[in-house]
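A.B. asks: Predicted model and sequence below, questions to follow.
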Amino acid sequence: MLRRLLALLLTVWALGFAGFAAFQPQPAPIAKADGIIVLTGGEGRIARGLDLLRDGVAPRMLISGVDPEVKPGELAAQYKISAALLACCITLGYESVDTRSNARESAQWIKSHGLRRVRLVTSDWHMRRAAWELRQTIPADVELTEDAVPTRPSLGILFAEYSKFVLRRLWHIGKG
């Protein structure tokens, strides 16, 4: 009986992983928002957020998970951000170190600015867990658009991310 249960759980996990790996989130169509949240940690994320900000998709942007060693001037130079744009429209979030703390930092920023429509930018493989974590921390009436940056993740990255996603959801169910 125990073997059958384990076999069933393994089969469900494997099928879930296959779907997770095969159907990655995609970039979202352009639509107006009150703010853009970019989670650091992957190539193309900050550039995507800046393109959206410069195109007027939203008036402000949070970059969550900035390394405390990174100075605003260094970031501005690396991404060719004008001093005026950095001062008016970009918040550098230094408080988060993982996806859960990204969500807490982002929720605080959303609340402090009274935002109702937010665009989340992160890598395709990271989007499901990042969006789920953020939805756990923001009010239900905040509209969240998932804007995935396409990548070519390795099987190892997909395996690790799917495992984190499933375990986090199970932990949340067990807690609540």
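C.D. replies: Received it, and whenever you're ready, just let me know what you need.
A.B. asks: Double-check that G174 belongs to a helix.
C.D. replies: Yes - membership of G174 in a helix is supported by DSSP: H, G, I helix; E, B strand; the rest coil.
A.B. asks: how near is it to Y162?
C.D. replies: Distance of G174 to Y162, computed by Cβ to Cβ, to the nearest Å: 19 Å. C-beta: built from backbone N, CA, C; applies to glycine.
A.B. asks: between these two, which one's more packed in?
C.D. replies: Per other Cβ atoms under 10 Å, whichever of G174 and Y162 has more neighbours is Y162, with 20 against 7.
A.B. asks: pLDDT below threshold where in the protein?
C.D. replies: 176 (pLDDT under 70).
A.B. asks: Please repeat the previous calculation with a cut-off of 50.
C.D. replies: For the chain, no stretch has pLDDT under 50.
A.B. asks: Do a quick rundown of the strands in it.
C.D. replies: Counting by DSSP state E, the chain has these strands, from start to end: 35-39, 61-64, 90-93, 117-123, 143-149.
A.B. asks: Out of the ones you listed, which one sits most buried?
C.D. replies: Counting by mean count of other Cβ atoms under 10 Å, strand 35-39 has the highest mean neighbour count of those, with a mean of 28.
A.B. asks: Just the residues contacting that strand, thanks.
C.D. replies: 45-46, 48-49, 52-53, 57-65, 99, 102, 106, 109-110, 113, 115, 117-122, 126, 130, 134 (Cβ atoms under 8 Å, 6 or more residues apart in numbering).
A.B. asks: Equivalent analysis for stretch 137-147, please.
C.D. replies: Contacts for stretch 137-147 (Cβ under 8 Å, 6+ apart): 25, 27-28, 31, 33, 48, 52, 103-104, 106-107, 110, 115-121, 127, 131, 134-135.
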